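Engineer: return atomic coordinates for the entry below.
(one chain, ligands or ions: 1)
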Amino acid sequence: MLSPKLYKNSHAYDLFMRVFGFEASVERFLRSANIPPLENGSILDNGCGSGTIGIHFLQASKQTRLLSTDLEPNFLDAAIKKAKRRGIEEESMSVGVANITAPDQVETLDGQKYSLAPETFNLVCIGAVLGYSQDPAESLRTLIRLLAPGGFLFNLEMCETALGKYVCQRYHYNNISVAEMKAILSDEGCSVSQITMSLRYFPSCMTRTALIAKKL
Ligand SMILES: C[S@@+](CC[C@H](N)C(=O)[O-])C[C@H]1O[C@@H](n2cnc3c(N)ncnc32)[C@H](O)[C@@H]1O
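Structural biologist: Next up is the predicted model:
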């Protein structure tokens, strides 16, 4: 049985993701996603969990910086540990607390608050977090505003299958539909594609789907 309590312990969440093959299947999928590697770029991973998505894209890039944010500092700790295990240089990655309701408002772990400037990032990643916003549509628009022209938004979103909907219900995850997300992304000047994950990406294909938007 899935338990929302998993979120209370980031290390249990990370272990769960690894032992049951979620992390490996997500990474297999990320390798196949058509996101060009960055050089001298900047990545934001909002609602980073144990850090998998942002760290993957950071490792695929050169001289690029990653800002990983989450509502829960214990997840930031898990993300830092993952980055260390993977040999990522400390100066390439920073972390901060941010609520997906206002993803451009960040607080460092020592309590310094700052705002992210528009058009700062070349890649914004999110995964199964938008539905925790008090206003998912506005959060998505804010994330697009943080993207530099030509930048990508990658959303490894909960899918709309019966199982996906069941997991959303268990985790009190109330997102807008994929169709609404696509409409917002187009309205914000992005080209959008959706990739349905095939069985090659089991088990994450059971609950996730990918939206990739390029800011024109
Ligand atoms: C399902 S996990 C997804 C983690 C990662 N993005 C992924 O795709 O594997 C959801 C994450 O969102 C975080 N979260 C929950 N509510 C949030 C909020 N209001 N703002 C930001 N992050 C939140 C949780 O702490 C957790 O790390």
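
Engineer: in what helix or strand does Ala213 lie?
Structural biologist: Under the criterion of DSSP states H and E, Ala213 resides in strand 208-215.

Engineer: may I have that strand exported as CSV, CA atoms only?
Structural biologist: The C-alpha trace of strand 208-215 is given here as CSV (Å, rounded to 0.1, in the frame of the first residue of the first chain):
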residue,chain,number,x,y,z
ARG,A,208,3.9,9.2,-14.9
THR,A,209,3.8,11.0,-18.3
ALA,A,210,6.1,13.6,-19.7
LEU,A,211,5.4,17.1,-21.0
ILE,A,212,8.2,18.9,-22.7
ALA,A,213,7.8,22.6,-23.5
LYS,A,214,10.2,24.8,-25.4
LYS,A,215,9.9,28.6,-24.8
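
Engineer: can you list the strands that that strand pairs with?
Structural biologist: strand 147-158 (antiparallel), strand 190-195 (antiparallel) (DSSP bridges).

Engineer: among these, show me which one is buried the most.
Structural biologist: Greatest average neighbour count among the strands paired with strand 208-215 goes to strand 147-158 (a mean of 21), per mean count of other CB atoms under 10 Å. C-betas here are computed from N, CA, C, even on glycine.

Engineer: run through the neighbouring helices and strands of the next helix or strand after that strand.
Structural biologist: Where DSSP H and E defines the elements, the next helix or strand beyond strand 147-158 is helix 162-170. Under the contact criterion of 3 or more CB pairs under 8 Å, 6 or more residues apart in numbering; DSSP states H and E, helix 162-170 touches strand 147-158.

Engineer: kindly provide the whole-number mean pLDDT of the strand it packs on.
Structural biologist: Strand 147-158 carries an average pLDDT of 98.

Engineer: close to the ligand, is stretch 40-50?
Structural biologist: Yes: residues of stretch 40-50 are located near the ligand by CB under 6 Å from any ligand atom, namely Gly47, Cys48, Gly49.

Engineer: kindly check the end-to-end length of that stretch for me.
Structural biologist: In stretch 40-50, first residue to last residue: 24 Å (CA to CA, to the nearest Å).

Engineer: and it, how far from the chain's centre?
Structural biologist: 7 Å (CA atoms, centre = their mean, to the nearest Å).

Engineer: residue contacts, Arg208?
Structural biologist: Val26, Gly127, Ala128, Leu156, Glu157, Met158, Cys159, Gly164, Met197 (CB atoms under 8 Å, 6 or more residues apart in numbering).

Engineer: one more: Glu27?
Structural biologist: Thr52, His56.

Engineer: helix or strand: which one has it?
Structural biologist: With DSSP H and E as the test, Glu27 turns up in helix 22-32.

Engineer: residues of the protein that sit close to the ligand?
Structural biologist: So the chain meets the ligand at 7, 47-49, 52-53, 70-72, 75, 99-101, 127-129, 132, 156 (CB under 6 Å from any ligand atom).

Engineer: I'd say Thr52 and Met17 touch.
Structural biologist: Yes: the pair Thr52 / Met17 is scored as a contact, 7.2 Å apart, by CB atoms under 8 Å.
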